[in-house]
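# Need coordinates for the following:
(2 chains)
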Amino acid sequence: MSQLLQHLINGLASGTIYALVALGYTMVYGVLKLINFAHGDVMMVGVYMGYATAFALGKQAQKSLLGVVLIFLVAMGGCALLGFLIERFAYRPLREKPRLTALITAIGISFALSYGFQLDIGFLPGAAPRAFPEIIVPTEWLIIGDRDVVVWNWQVMSLLIAVGLMVGLQYLVFKTRFGRAMRAVSYDHRVAALMGIPTDRVIAVTFMIGSALAAGAGLLYAIKDTSVSPLMGLYVGLKAFVAAVIGGIGHVPGAVVGALLLGLVEEFVVGYAASTWRDAVAFGILIIVLLAKPGGLFGRVAAEKV
Amino acid sequence: MESSSAPASVPGIPPALRGVLPALVAIPILVLLEWGLAGAPFATYLLSIMGVNVILAVSLNIVNGMTGQFSIGHAGFMAVGAYIAGVVSLSLKEIAISGLPVVVSDQVFLLLCLLVGGLAAAVCGFLVGLPSLRLRGDYLAIVTLGFGEIIRVVVQNTDAFGRALGLSGIPQTAGLGMVGFWVFVVVLVARRLAGSSHGRSLWAIREDEVAAEAMGVDTTGYKVRAFVISSFFAGVAGGLFAHFVPIINPGSFTFVKSMEVVVMVVMGGLGSTTGAIVAAMFLTLLPEALRSGFTAMGAEGSLAQKVDQIRMPVYGLMLVALMLLRPQGLFGTKELWEVLPRWLPRRRKGLA
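Now for the predicted structure:
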């Protein structure tokens, strides 16, 4: 029983991190109808930015509250800039082209980033995984029984942050002026432009928010996992993406539900079966969900225009 | 999908590829190559890899280029073919057909293993093709990606396939002759398919699925068939690969391998068979050329060794640049002989 509870908690905790990455996928897809394959790699770049900042701050300062805030700010800001650049120079020129073109471009950027960061030329970090500094000292926050169930502080933190961000995003999308513009662009960006909405700016800002979210999620992931490598974006990104698709891509609460579901299932597979089957189960669920509901759990299937 | 570029040239079968002429040209070339390169193992290896990549690219082009169903899990089918062919081959290792020279009997067995591997991959292709009935575009890409990864994990966890260590000791019987034979078969099938009424249906699906359906094209049937044909050849390519490298392991058939093949197809031009061939050959030779180039220039050994590292980021940037500058790829949907310079003799226009 206590084992089940522990798996449940761990699953929820890793699910929330997937959720944060998945939110970025879902936002960009909602506005642009583009699967941003490079999202996970933007996350990886953000983690390395945080890593570099933590090093620059030194051992003592990086653990202070100010230091942690600074690390998050630098990583999220840097990634917002990166997201802007990617959107401006890779996706914007292709906006009127078939969607496949943009998908191939996204895959290309993903490869350039993840394998580019594996080079050990100049300032690039090289392929070897590195230990992320302990910017938040992991402490046991809640212990039930004789260490039967342990809840860590970072688990609570990432859950709170994820829920907060989800609520914030829902508010942004449905209650603000900018959100209304986003929804209009999503519905039909040409008509939205005719109505006086600065389409390019809305899309760029959406991209920047999504990329900043990815950086934040990546840092949480690095705090949990303590090991960072250039390929982490490919794998965490893929999982988060699977979560977003399971929930119905483009649907904000759907992404969170999908991510929690994925986190739980993975944790149970690792706990009760074999850890090597984890990835296969994740993709298996994806395929089953898509076969049963081609738009994901919460998504709607758009009618085909003739 | 790309409604602007294609209909200008609906491909026909060029007269040069009809009848027995291709076989008459190809067989002596292959025999000459195998005989001439008998003393050059590296060149043989490079040519074999090139051949395998050509088979992969041309077969993926049937699904991605002709049918317009974007699949990014091709390495999965390759893995199925490689492992099944490898296992069959290992179990047949000690046997030889009596009355035949050993070399000949080896080749017969190899052919048998390749067919079994190809058929196994074709069955998987059928299973992947089925979701394509319900899913379009991006979603189908994700499912194929997922399928490729699932196959890799399954292989990694099966004792018969040697788990993460892979299979070793597979008889290395695949020579240039066998590779060339399959290159020949896949090219012939792809080209004849492109010009057939079956192929027209595939092109129609690619251009506009809804319209094709409305015109009475059995879209589901054709899409699944395209997947089956494509994965059969991917399986054969995997089987060939297994029979000339010393060891196969799940690390050879990752997402990265799938993407390499996608780059070849996209670079050559979605729908152009000769484009896929040229791009596959170019991208196989490029790292080698760079490596020997760096060595010849007298650059320190490190730079030459870094070629393998640089290759993947360059592939990524190449995809981006291609999409921005020339989204239709090198040749678009045209074939090599349709884009030759003006001063070269051309075959007459019109459908063959």
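
# Helices of chain B, start to end?
B:21-36, B:41-61, B:74-91, B:102-129, B:137-156, B:176-195, B:197-207, B:209-214, B:219-242, B:255-268, B:273-296, B:301-305, B:307-325 (DSSP state H).

# What of the stretch 201-306 of chain A?
Along the stretch 201-306 of chain A, counting by DSSP state H, counting those that start in this stretch, helices occupy A:232-247, A:252-272, A:278-292.

# helices or strands up against the longest one?
With contacts defined as 3 or more CB pairs under 8 Å, 6 or more residues apart in numbering or on different chains; DSSP states H and E, the secondary structure elements packing on helix A:252-272 are helix A:2-32, helix A:153-175, helix A:232-247, helix A:278-292. (Glycine included, C-beta is placed from N, CA and C.)

# Can you tell me which residues in the stretch 101-250 of chain B are near chain A?
By CB under 8 Å from any CB of the partner chain, the residues of the stretch 101-250 of chain B that approach chain A are B:131, B:134-135, B:137-139, B:141-143, B:145-147, B:149-150, B:153-154, B:156-157, B:210-211, B:214.

# Which of the helices of the stretch 201-306 of chain A has the highest mean neighbour count?
helix A:232-247 (a mean of 27; mean count of other CB atoms under 10 Å in any protein chain shown).

# and that one, does that touch chain B?
Yes: with CB under 8 Å from any CB as the criterion, chain B is reached by helix A:232-247 at A:234, A:238, A:241-242, A:245.

# circling back: in JSON lines, list the helices of the stretch 201-306 of chain A along with mean pLDDT.
Formatted as JSON lines, the helices of the stretch 201-306 of chain A follow (pLDDT from 0 to 100):
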{"stretch": "helix A:232-247", "mean pLDDT": "86"}
{"stretch": "helix A:252-272", "mean pLDDT": "88"}
{"stretch": "helix A:278-292", "mean pLDDT": "85"}
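
# So for B:Leu285, which of those helices sits nearest?
Minimum separation from B:Leu285 across the helices of the stretch 201-306 of chain A (CB to CB) falls at helix A:232-247, 26.8 Å.

# how distant is that closest one from the center of its chain?
On the basis of CA atoms, centre = their mean, to the nearest Å, helix A:232-247 sits 7 Å off its chain's mean C-alpha point.

# That helix versus helix A:278-292: what angle between them?
Counting by axes from the mean of the first three to the mean of the last three CA atoms, to 10 degrees, helix A:232-247 lies at 30 degrees to helix A:278-292.

# now A:Ile35: how far from B:Leu290?
According to CB to CB, to the nearest Å, A:Ile35 stands 32 Å off from B:Leu290.

# Number of residues surrounding the nearest residue to B:Ala141 once chain neighbours are set aside?
Once flanking residues are discounted, B:Ala141 sits nearest to B:Phe70: 4.6 Å by CB to CB, 6 or more residues apart in numbering or on different chains. For B:Phe70, the count of nearby residues is 24 (other CB atoms under 10 Å in any protein chain shown).

# Tell me, what's the model's pLDDT at B:Phe70?
On the pLDDT scale, B:Phe70 is placed at 85.

# That one is in contact with B:Ile142, isn't it?
No: counting by CB atoms under 8 Å, B:Phe70 does not reach B:Ile142; the two are 9.8 Å apart.

# Throw the helices of chain B into a markdown table and include mean pLDDT, distance to A:Phe123 and mean neighbour count, thanks.
Below are the helices of chain B laid out as a markdown table (pLDDT from 0 to 100; distance: least, CB to CB, whole Å; neighbours: other CB atoms under 10 Å in any protein chain shown):
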| stretch | mean pLDDT | distance to A:Phe123 | mean neighbour count |
| --- | --- | --- | --- |
| helix B:21-36 | 73 | 46 | 13 |
| helix B:41-61 | 90 | 34 | 22 |
| helix B:74-91 | 91 | 32 | 28 |
| helix B:102-129 | 88 | 42 | 20 |
| helix B:137-156 | 84 | 32 | 23 |
| helix B:176-195 | 86 | 43 | 21 |
| helix B:197-207 | 87 | 44 | 20 |
| helix B:209-214 | 86 | 47 | 15 |
| helix B:219-242 | 92 | 37 | 27 |
| helix B:255-268 | 87 | 24 | 25 |
| helix B:273-296 | 84 | 22 | 19 |
| helix B:301-305 | 64 | 17 | 13 |
| helix B:307-325 | 83 | 15 | 18 |
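
# what are the phi and psi angles of A:Pro98?
phi -60, psi 150 (degrees, to the nearest 10).

# could the helices of the stretch 201-306 of chain A go into JSON lines alongside distance to B:Gln107?
Below are the helices of the stretch 201-306 of chain A laid out as JSON lines (distance: least, CB to CB, whole Å):
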{"stretch": "helix A:232-247", "distance to B:Gln107": "40"}
{"stretch": "helix A:252-272", "distance to B:Gln107": "44"}
{"stretch": "helix A:278-292", "distance to B:Gln107": "36"}
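
# Which of those sits closest to A:Arg180?
Using CB to CB, the nearest of these to A:Arg180 is helix A:252-272, at 15.1 Å.

# Spatially central, which residue of chain B would that be?
Taking CA atoms, centre = their mean, the centroid of chain B lies closest to B:Leu56, which sits 1.0 Å from it.

# what sits against that one?
Going by CB atoms under 8 Å, 6 or more residues apart in numbering or on different chains, B:Leu56 touches B:74, B:78, B:233-234, B:237, B:261, B:264, B:280.

# Equivalent analysis for A:Gly50, please.
Neighbour list for A:Gly50: A:71-72, A:74-75, A:132, A:135, A:215, A:218-219, A:222 [criterion: CB under 8 Å, 6+ apart].

# Distance of it relative to B:Glu207?
47 Å.

# same thing with A:Gly295?
For A:Gly295, the distance to B:Glu207 - CB to CB - is 24 Å.

# go on, B:Met66?
Distance of B:Met66 to B:Glu207, given as CB to CB: 11 Å.

# Between the residues of helix A:232-247 next to chain B, which sits nearest chain B?
Within the residues of helix A:232-247 next to chain B, proximity to chain B (CB to the nearest CB) peaks at A:Val245, which comes in at 6.1 Å.

# Distance from the chain centre to the host helix or strand of A:Leu82, please.
Using DSSP states H and E, A:Leu82 falls within helix A:65-86. Centroid displacement of helix A:65-86 relative to its chain, using CA atoms, centre = their mean, is 14 Å.

# again, but for stretch A:114-127
That offset, for stretch A:114-127, works out to 22 Å (CA atoms, centre = their mean).

# could you check whether it is close to chain B?
Yes: between stretch A:114-127 and chain B, judged by CB under 8 Å from any CB, the touching residues are A:115-116, A:118-119, A:121, A:127.
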